[in-house]
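1. Requesting a structural model of the entry that follows:
(chains A, B, C and D, ligands or ions: 4)
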Amino acid sequence: MNILFTLKEGMINLKRARLSAVVSILSISLALSLIGISLLAGENLRDIFDRVYQQVEIEVFLQPGVNAGKIKQLRKKLARDTRVTKVIYISREKALEEFQKNFGEDLSTIIEENPLPASFRIILDPANASPKLIEKFVAQISQYPEVQEVLYQKEIINFLHKYFRIAAIAASLFALLLFVVITILIFNTIRLTIHSRRDIIQIMRLVGATNWFIKSPFLIEGMIQGIAGGIIASGILYLFTNLVRDIIFPRLLVPDYMNWFLLGIGIFLGWIGSYISVNRYLDY
Amino acid sequence: MNILFTLKEGMINLKRARLSAVVSILSISLALSLIGISLLAGENLRDIFDRVYQQVEIEVFLQPGVNAGKIKQLRKKLARDTRVTKVIYISREKALEEFQKNFGEDLSTIIEENPLPASFRIILDPANASPKLIEKFVAQISQYPEVQEVLYQKEIINFLHKYFRIAAIAASLFALLLFVVITILIFNTIRLTIHSRRDIIQIMRLVGATNWFIKSPFLIEGMIQGIAGGIIASGILYLFTNLVRDIIFPRLLVPDYMNWFLLGIGIFLGWIGSYISVNRYLDY
Amino acid sequence: MIEFFNVSVKSKNRLILREINLKIRKGEFVYLIGKTGAGKTTLLRLIYMDLIPTAGNVLVDKFSSSNIRKREIPYLRRKVGVIFQDFKLLPDRNVYENVAFSLRVIGKSRREVKSRVLSVLTQVGLNHKRYHKYHMLSGGEKQRVAIARALINEPFILLADEPTGNLDPEASKDILNLLEKINKSGTAVCMATHNYKLITWAPHRTLLMEDGFIKQEIDPDNLNQILEL
Amino acid sequence: MIEFFNVSVKSKNRLILREINLKIRKGEFVYLIGKTGAGKTTLLRLIYMDLIPTAGNVLVDKFSSSNIRKREIPYLRRKVGVIFQDFKLLPDRNVYENVAFSLRVIGKSRREVKSRVLSVLTQVGLNHKRYHKYHMLSGGEKQRVAIARALINEPFILLADEPTGNLDPEASKDILNLLEKINKSGTAVCMATHNYKLITWAPHRTLLMEDGFIKQEIDPDNLNQILEL
Ligand SMILES: Nc1ncnc2c1ncn2[C@@H]1O[C@H](COP(=O)(O)OP(=O)(O)OP(=O)(O)O)[C@@H](O)[C@H]1O
Ligand SMILES: Nc1ncnc2c1ncn2[C@@H]1O[C@H](COP(=O)(O)OP(=O)(O)OP(=O)(O)O)[C@@H](O)[C@H]1O
Ligand SMILES: [Mg+2]
Ligand SMILES: [Mg+2]
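-> Ligands and ions are numbered 1, 2, ... in the order given. All right, here's what the predicted structure looks like:
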């Protein structure tokens, strides 16, 4: 197989159906940009949610009579738990102080003894902050004999998690749709290129070119389209992300892998699209 | 001219280059959706900025010796100005009170006389809140003999305005690019349909069909593509806006004219694309 | 009826036709012969104004190539019937539809079309096969369909570019007979061909082209001289 | 060399070829004649395996239609040269490139190609026009280019489907002479034609097809009987 000849014929291919190829590449770029934007939206939404989760405190109120040694032991156990990011001990005195700060009333003047229990405030690792995992964690903690009650903002977490899931599913469906669109775009352009070169293909067949020899330039063409689409999409997203950062949302996260990801998808779908097209229209 | 026959041949057109048409319509939908999203982003950005501008106060400090009558007169004049939304008068006493609240110090214990001047706080109509107009307004106010000094957050306004303009220009360029892409998409599909029907067109020419008769089905086809693209884009945006409202940004503004606008652009560009294509490939 | 005045056609600095002067009268039958590339097809294209000469003037009926407007050309085409070696029919439609198509396309209603199509199909002897699909027809029958289509607007002339090139001798003879019959009923015929045998079967005025001009008009009596080639 | 055993071809419930038995020997020259639709083109397509029979078996060289694999077909094609009425050349390339193309396509290097192409072009008498553009060639010359391309892999048989259909009598005779010369140097030739005059010029074994089968083998002495048609 003669690489140079294949490449030369591939160039002639591109010239023949040039406009269709340009149109296809532009459309692929748009679709990949949309995928990139979905990805960005997803990552940033997750980031925002993570930060919300990081502020979710689980308050573990201890039984009134627990002694200092037990408390220290429990604290160690909690700190060692991989799901836990931070543990703060709030002694009964501290709790009273906070109460006074928050409500401006001096409890000690009303009742003789401090009625507030000691507690731990626990912040979980965001990776473990899904409603189910939190619930499991809370159930586990509640088992300890030292623990009286465990409280956290259950409703907010459930709410956020539910909508995050809906958004994630919607974005995935949208991305899947775009994958299909890209594949069809490439499929169609290759089909048209094959159509515009059917005379030359017929002659190739006639003089005994192998099927593989006839097909390969079209596969290469499909992948080039995918690559070009990926590069243009990366450029569009570069401008887009800079604009968004400058104007509305300076904290915008841009995952490092994004450009490679778009390029990879471009190549992958380019190959699939041209492969299907070639096998549909160029098989005996 | 026989409408029924034209429509029948138009249907055959659509069947012939079906895949290309579907691909084209999908791509047009994506492009129109992006235009719609830009539009939404623009409208909402403007809305947010308007609300920022609505909070911009212009502080007009008055000369020390101005009497109550003159102040009342000035207040009336300001209130009558169409650019002004709200005027609040801050007397010298009120200013002192605020100062004490903000800084916690009782000025009257340090110095004998109240050193603070009386002032107006003016809020402008957002439509007149561009940096230039504000500057003009301020210059005008400063002319009054009763006025000592006019202060406002010049830097913030300039900053916002500058980026809003950059965003608007970028979005317009992007939309223009998308207009071109849509036109090329339709141009290309019509070109391919013409190509796939060149036998039948040759025969039509041969037996004496008028040029208009040959062209019109392709123009109709282009417009149908634009309409279909517009409808699909409206659907996508409907889902998109509802999702955004539910999850991230409940205040999302959706202009009423948006769907009609997208449909209009679709038809308009469909007509242009097919018109160029038809005149390029179907003229003698 | 048709007249060429000093007609030349140039393409990319090459003269394809040079200074052609020619007159085809009402109801005439003319053969065009000559080697490949002599310019026969080009000459025919000038008549149905698929091509406008670079110099000189072609007169067809009341139309003149030097001042015809683009949008008048369709109306000229309705007065000139054209048939080709490769038939140029629509393979996805049957006989009736193929012939009807050319009337529908010029805006005739379905009812007007029907009687006219049936009468033309009778004329070419295909009425009994009017609902046959394209691929069920022999080459000779396909060419008859093409002739029917060319006749439907009652043209004053029928142009034929190697109409028997894809036909066997028997079918060729049939087609020639049909063209003669049409010619006898008053329609002029101008036919480019490589098949000199046709000329011996039905001798008519014969123009020999060579290298872009009309080299000579061959005397029907001297026909045998060319057949010796 | 080539053998047909009870070969039938069916398409949409219609028999295009029926029970063909045929043997073409090494170095033979065979004419295929018959009306349009008789099945000549179909028979030729079976030989270069553009079509696989629905019944029976076609043997070509060491390949058999009943068990050939798709990916072996290109190697069969390199042993069989094919030419057509419409030449099937690439109009955007010159003579040399058109012929060289078929060698490049099967993976030969530029150097190997050159000497082989020049020798074949000499054989068909076109060496001096090897850099001429396609549109500068006459019909006869185009057909020579097609023949050169078909010969380049030294096939054992040359299949020709109406190779003179678009040529004038003089050019047709030239092509026939070239095919005879090629045949004399050992390559078999199988040619479908409507031009019976060729057979009188160069009489060879002649098969008359009708309605999908080989009706008779015509005795070269009785040729005049068909020419009377
Ligand atoms: N569009 C064109 N551009 C350039 N050259 C052309 C064009 N059409 C025809 N020619 C050239 O003009 C010459 C005459 O062509 P034409 O087709 O009229 O010949 P012809 O007599 O009909 O030949 P044939 O018997 O092969 O049909 C040829 O040399 C051809 O290459
Ligand atoms: N792919 C196909 N599908 C259906 N029918 C076909 C196909 N190819 C050929 N036929 C039919 O098979 C018959 C034989 O066709 P073929 O082309 O072999 O005839 P031929 O002898 O070469 O005719 P001609 O002289 O016109 O070239 C014809 O009736 C034709 O319509
Ligand atoms: Mg010609
Ligand atoms: Mg055939």
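2. For chain A, name the helix or strand with the lowest mean pLDDT.
-> helix A:107-110 (a mean of 64; mean pLDDT, DSSP states H and E).
3. which bits of the stretch 51-200 of chain A sit near chain D?
-> Counting by CB under 8 Å from any CB of the partner chain, the stretch 51-200 of chain A comes close to chain D at A:Asp199, A:Ile200. Every C-beta, even on glycine, is put in place using the N, C-alpha and C of the backbone.
4. Can you list the strands that the one helix or strand C:Leu158 maps to pairs with?
-> Assigned by DSSP states H and E, C:Leu158 falls within strand C:157-161. For strand C:157-161, the paired strands and their directions (DSSP bridges) are strand C:80-84 (parallel), strand C:188-192 (parallel).
5. With mean neighbour count, mean pLDDT and distance to ligand 2 as extra columns, can I get these in CSV?
-> Converted to CSV, the strands paired with strand C:157-161 look like this (neighbours: other CB atoms under 10 Å in any protein chain shown; pLDDT from 0 to 100; distance: least, CB to the nearest ligand atom, whole Å):
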stretch, mean neighbour count, mean pLDDT, distance to ligand 2
strand C:80-84, 24, 96, 15
strand C:188-192, 24, 97, 20
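6. Pull the contacting residues for the residue nearest the centre of chain C.
-> By CA atoms, centre = their mean, chain C has its centre lying nearest to C:Leu159, at 1.5 Å. With contact taken as CB atoms under 8 Å, 6 or more residues apart in numbering or on different chains, C:Leu159 is in contact with C:Leu44, C:Ile47, C:Tyr48, C:Val80, C:Gly81, C:Val82, C:Ile83, C:Cys190, C:Met191.
7. same thing but 6 Å
-> Counting by CB atoms under 6 Å, 6 or more residues apart in numbering or on different chains, C:Leu159 touches C:Leu44, C:Ile47, C:Val82, C:Cys190.
8. quick one on the thing from earlier: ok, and what's touching the following helix or strand past the least confident helix or strand of chain A?
-> With elements assigned by DSSP H and E, the helix or strand that comes after helix A:107-110 is strand A:119-124. For strand A:119-124, contacts defined as CB under 6 Å, 6+ apart pick out A:57-61, A:83-90.
9. Which one of the residues you listed is nearest to chain C?
-> Of all the contacts of strand A:119-124, A:Arg83 has the smallest distance to chain C: 69.0 Å, by CB to the nearest CB.
10. Report the spatially nearest residue to that closest one, omitting neighbours in sequence.
-> A:Asn128 (4.3 Å; CB to CB, 6 or more residues apart in numbering or on different chains).
11. Quick one: neighbours of the one you found, just the number.
-> Counted with other CB atoms under 10 Å in any protein chain shown, residues neighbouring A:Asn128 total 17.
12. Could you check the angle the longest helix seen in chain A makes with helix B:154-196?
-> Taking DSSP state H as the criterion, chain A has its longest helix at helix A:154-196. Going by axes from the mean of the first three to the mean of the last three CA atoms, to 10 degrees, helix A:154-196 is angled at 40 degrees with respect to helix B:154-196.
13. which is the next helix or strand following helix A:154-196?
-> For helix A:154-196, the succeeding helix or strand toward the C-terminus, using DSSP H and E, is helix A:198-206.
14. For that following helix, what is the distance to the chain centroid?
-> Relative to its chain's centre, helix A:198-206 lies at 47 Å (CA atoms, centre = their mean, to the nearest Å).
15. can you pull the buried residues of that helix?
-> A:Ile200, A:Ile201, A:Ile203, A:Met204, A:Arg205, A:Leu206 (16 or more other CB atoms under 10 Å in any protein chain shown).
16. could you measure the last one against D:Ile152, distance?
-> Look at A:Leu206 and D:Ile152: by CB to CB, to the nearest Å, they are 12 Å apart.
17. try the third one
-> Distance of A:Ile203 to D:Ile152, given as CB to CB: 13 Å.
18. ditto for the second one
-> The gap separating A:Ile201 from D:Ile152 is 19 Å, by CB to CB.
19. closest to C:Phe63 among the buried residues of helix A:198-206?
-> The closest of these to C:Phe63 turns out to be A:Ile200 (CB to CB; 40.2 Å).
20. Which segments of chain C make up each domain?
-> The record's domain parsing of chain C by automatic domain parsing lists C:2-79+C:155-227, C:90-153.
21. Please enumerate residues in contact with stretch A:36-50?
-> Applying CB under 6 Å, 6+ apart, the external contacts of stretch A:36-50 come out as A:Pro126, A:Leu160, A:Phe164, A:Ala171, A:Phe174, A:Ala175, A:Ala233, A:Leu237, A:Leu253, A:Pro255, A:Leu262.
22. Apart from its neighbours in sequence, what residue is nearest the first one?
-> By the measure of CB to CB, 6+ apart, the closest residue to A:Pro126 outside its immediate chain neighbours is A:Asp50, 4.0 Å from it.
23. same check, this time on the fifth one
-> For A:Phe174, the nearest residue in space outside its immediate sequence neighbours is A:Ser38; the separation is 6.0 Å by CB to CB, 6+ apart.
24. same check, this time on the third one
-> Nearest-residue entry for A:Phe164: A:Phe49, 5.7 Å, with adjacent residues in sequence omitted and distances by CB to CB, 6+ apart.
25. What does the one you found show for phi and psi?
-> Main-chain dihedrals, A:Phe49, degrees, to the nearest 10: phi -60, psi -40.
26. Okay, it and chain C: tell me how far apart.
-> A:Phe49 sits 58 Å away from chain C, taking CB to the nearest CB, to the nearest Å as the criterion.
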